[in-house]
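> need a 3D model of the sequence below.
(chains A and B)
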Number of protein chains: 2
Amino acid sequence: MLTIALPKGGLLNDSIQLLKAVGLDFSLFLDNANRQLQIIDPTGRATALLVRAQDVPVYVEYGQAQLGMVGYDVLREKKPAVAHLADLGFGGCRLSVAVKTTSPYRSALDLPAHSRVASKYVNCARDYFQSLDLPVEIVPLYGSVELGPITGMSEAIVDLVSTGKTLQENNLMELEVLFHSTARLIAYPLSYRINPYGLKDLIDQIRAETAAIAP
Amino acid sequence: MLTIALPKGGLLNDSIQLLKAVGLDFSLFLDNANRQLQIIDPTGRATALLVRAQDVPVYVEYGQAQLGMVGYDVLREKKPAVAHLADLGFGGCRLSVAVKTTSPYRSALDLPAHSRVASKYVNCARDYFQSLDLPVEIVPLYGSVELGPITGMSEAIVDLVSTGKTLQENNLMELEVLFHSTARLIAYPLSYRINPYGLKDLIDQIRAETAAIAP
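As a prediction, this is how the structure comes out:
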């Protein structure tokens, strides 16, 4: 049976609505009382796995799921060996450099050499500052990256921004946008070539649905 | 002012109770309505930071917090350059190798060479299997590691076990214990030597309190 890896968190609701539009119902994952991480669609056509966003490409890379939905930010950071099939349009956000509003910096290049930059996106942050030829020290954090500048641990952060509310609440301001991100449809490369379980039909349906709702 | 980094999650309640016993009240962090990640004790003696467990040693290593409370499992995995001061006794669990109950394996050495082992603790897992001279492929996951064997992605997992309920619910069984873990008190090495803000007195108080409640 076809298996689809879905991400916990902000992209889950839209992912499930999109699959519903192509006839697959995994809305049980939206039920707070649900504890199952693996469910079968009522029509018996497909299984869905509910995993951390960062784990979606892992299941797809190993072929345990033939399809996955995940943010472009995760794909940029982890560079998994998966086929990128479609931009799903939802989950828009951006990876940005931010500093305290009280800081004197107005662009990333204003940051002093060897500044500390806290981020969950250590690879993206490193690549970006290397492209600027600005040596910085990346401080890897797992959560609440905004605490870096607040506590004085880091001069700047590289973090995902969607509404900008978290930055505002913490007196931080965006200096630069590294890239924009949306949810993407990814596939296990081998499955995409050998087309098991009518995979290509499903992909075409998802693409058509995505094109229909695209702005 | 003295700053203490506290971990979100399972160790938070006991950490806050212990600090209360030595006269520091950070119980605001236990209030679900609270959104602050940095609060000052009502007596004005210390600040606490509420961060992810994996980030506690980062704040302490960079000296942004002079003290931190965190599980030994995090210290074993990340090997941060911090001073280990005391075993706090609570938060007992173990890092274990587990497989499906239906598998034929009865010890880690029964696993076939080049098996896949899913884990959030990639360094601990790698070190362990290297010490057995058994080559395995570590699959790094961020959450729900039990899905590894269920989906067939990995033969085994290396994961934290406290009650064993998650393993049981997922038809997994423990084969080996890598190590036992409890909450630890850690310090920024430099602060520990120069003793700012009466740090040593506080450490002695915490140690006395921990010894009093130890089994």
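
> and residue A:90, what does it touch?
For residue A:90, the contacting residues are A:11, A:14, A:18, A:182, A:183, by Cβ atoms under 8 Å, 6 or more residues apart in numbering or on different chains. C-beta here means a position set from N, CA and C on the backbone, and glycine is covered the same way.

> what of residue A:23?
A:43, A:45, A:205.

> measure residue A:61 to chain B for me?
Distance of residue A:61 to chain B, given as Cβ to the nearest Cβ, to the nearest Å: 9 Å.

> whoops, residue A:7 was the one
Distance, residue A:7 to chain B, using Cβ to the nearest Cβ: 11 Å.

> thought that residue was touching residue A:56?
Yes: between residue A:7 and residue A:56 a contact is recorded at 5.1 Å, counting by Cβ atoms under 8 Å.

> output the lowest mean pLDDT helix or strand found in chain A.
For chain A, counting by mean pLDDT, DSSP states H and E, helix A:189-194 ranks last in confidence among helices and strands (a mean of 86).

> got the contact list for the residue of chain A most remote from its centre?
Using Cα atoms, centre = their mean, the residue of chain A lying farthest from its centre is residue A:104. It sits 30.9 Å away. For residue A:104, the contact set (Cβ under 8 Å, 6+ apart) comprises residue A:110.

> does it belong to a helix, a strand or coil?
What DSSP: H, G, I helix; E, B strand; the rest coil gives for residue A:104 is coil.

> any idea how far it lies from residue A:129?
Distance, residue A:104 to residue A:129, by Cβ to Cβ, to the nearest Å: 19 Å.

> again, but for residue A:170
Distance of residue A:170 to residue A:129, given as Cβ to Cβ: 22 Å.

> who has more neighbours, these two?
Neighbours per residue, other Cβ atoms under 10 Å in any protein chain shown: of residue A:170 and residue A:129, the larger number sits with residue A:129, 23 against 18.

> ok, residue A:45 to residue A:66 distance?
Per Cβ to Cβ, residue A:45 is found 12 Å from residue A:66.

> mind listing the shared neighbours of the two?
Common neighbours of residue A:45 and residue A:66 (criterion: Cβ under 8 Å, 6+ apart): A:2, A:197.

> these two: who's more crowded?
For residue A:45 versus residue A:66, neighbours defined as other Cβ under 10 Å are more numerous around residue A:66 (26 against 15).

> ok, the residue nearest to the more buried one when sequence neighbours are not counted - contacts?
Spatial nearest neighbour of residue A:66, chain neighbours left out: residue A:191 (4.1 Å); criterion: Cβ to Cβ, 6 or more residues apart in numbering or on different chains. Counting by Cβ under 8 Å, 6+ apart, residue A:191 touches A:63, A:66, A:199.

> nearest to residue B:81, of the residues you listed?
Using Cβ to Cβ, residue A:63 comes nearest to residue B:81 of those, at 39.4 Å.

> which residues sit against stretch A:10-17?
A:6-7, A:26-27, A:29-30, A:50, A:53, A:69-71, A:88, A:90-91, A:162, A:183.
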